[in-house]
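> sequence first, predicted coordinates after that:
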Amino acid sequence: MVIEELYEHRNLIQKVIENLSGDIETACRVMVSVLQDGKKVLIAGNGGSAADAQHIAAELSGRFVKERKALPGIALTVDTSALTAIANDYGYHHVFSRQVEALAQPGDLFIGISTSGNSQGILNAFEAAAKTGCKTLGLSGRDGGKMNGICDLNIVVPSDVTARIQEMHILIGHIMCKAVDDVY
């Protein structure tokens, strides 16, 4: 069983290398450019994707590998007062879009993470980000879902297995943070 999991992971990494390297490089350039322009990165997801959002934000505001200045990475998943107030007053599907409306500025980057590509709260946040003038990047899986038509770039991990998709999302996030480290 363990070896099957490892082989499944390895095979998916090979597919990602073959099919998504260009998109990942584009995502790296966008994130670096946004940060060089003095803008911020807002990130959101649900469940395991929320943890990934927090992880990527922490790599920016803390550090990834090398010592560098702190950079503005904000996970929209951590403010329990905002999350519960918005969910109570507007409904759960608006917990991220309301925060994007409040925090985003033109030129910022919004990263939405959804393994299915169909999480309504993430889709609403993409719409809010676009209205605000943010650049938008999706990390999804399966067939990319509705995120395909709503964000500037949707990196679709070619798998139907949630765990494998999430593993690739954090790998892609780490690659993006490495690109940032290379510049700062």
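Sure, I can see it. Note that the structure is a prediction, hence the values are computed from the model and not measured.
> residues contacting stretch 152-164, please?
Taking CB atoms under 8 Å, 6 or more residues apart in numbering as the criterion, the residues outside stretch 152-164 that touch it are 8-9, 12, 15-16, 19-20, 23-24, 26-27, 30, 48, 115, 117, 135-144, 147-148, 165, 168-169, 172. Backbone N, C-alpha and C define where each C-beta goes, glycine included.
> any quick ChimeraX command for the buried ones out of those?
Selection of buried members from these for ChimeraX, criterion 16 or more other CB atoms under 10 Å:
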select :9,12,16,20,23,24,27,30,48,115,117,135,136,137,138,139,140,141,142,144,147,165,168,169,172
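> now intersect the contacts of stretch 152-164 with the helices, please.
Helix and strand membership here follows DSSP state H; of the contacts of stretch 152-164, those in helices are 8-9, 12, 15-16, 19-20, 23-24, 26-27, 30, 48, 165, 168-169, 172.
> what helix or strand is residue 179 located in?
In this assignment (DSSP states H and E), residue 179 forms part of helix 162-183.
> output that helix as CSV, nothing but the C-alphas.
Only the C-alpha atoms of helix 162-183 are listed here, as CSV (Å, rounded to 0.1, in the frame of the first residue of the first chain):
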residue,chain,number,x,y,z
THR,A,162,-7.7,14.9,-3.6
ALA,A,163,-4.6,14.0,-1.7
ARG,A,164,-2.4,13.9,-4.8
ILE,A,165,-3.8,17.2,-6.0
GLN,A,166,-3.1,18.9,-2.6
GLU,A,167,0.4,17.4,-2.6
MET,A,168,1.1,19.0,-6.0
HIS,A,169,-0.5,22.3,-4.9
ILE,A,170,1.9,22.7,-2.0
LEU,A,171,4.8,21.7,-4.3
ILE,A,172,3.8,24.4,-6.8
GLY,A,173,3.4,26.9,-3.9
HIS,A,174,7.0,26.0,-2.8
ILE,A,175,8.3,26.5,-6.3
MET,A,176,6.7,29.9,-6.4
CYS,A,177,8.2,30.8,-3.1
LYS,A,178,11.6,29.6,-4.4
ALA,A,179,11.2,32.0,-7.3
VAL,A,180,10.6,34.8,-4.8
ASP,A,181,13.6,33.8,-2.8
ASP,A,182,15.7,33.9,-6.0
VAL,A,183,14.8,37.6,-6.5
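> so where's the longest strand in this structure?
If you go by DSSP state E, the chain has its longest strand at strand 135-141.
> so how far is residue 52 from residue 132?
As defined by CB to CB, to the nearest Å, residue 132 lies at a distance of 23 Å from residue 52.
> the two: who's more crowded?
For residue 132 versus residue 52, the count of surrounding residues by other CB atoms under 10 Å is larger for residue 52: 24 against 19.
> distance check, the more buried one against residue 1.
If you measure residue 52 against residue 1 using CB to CB, the figure is 25 Å.
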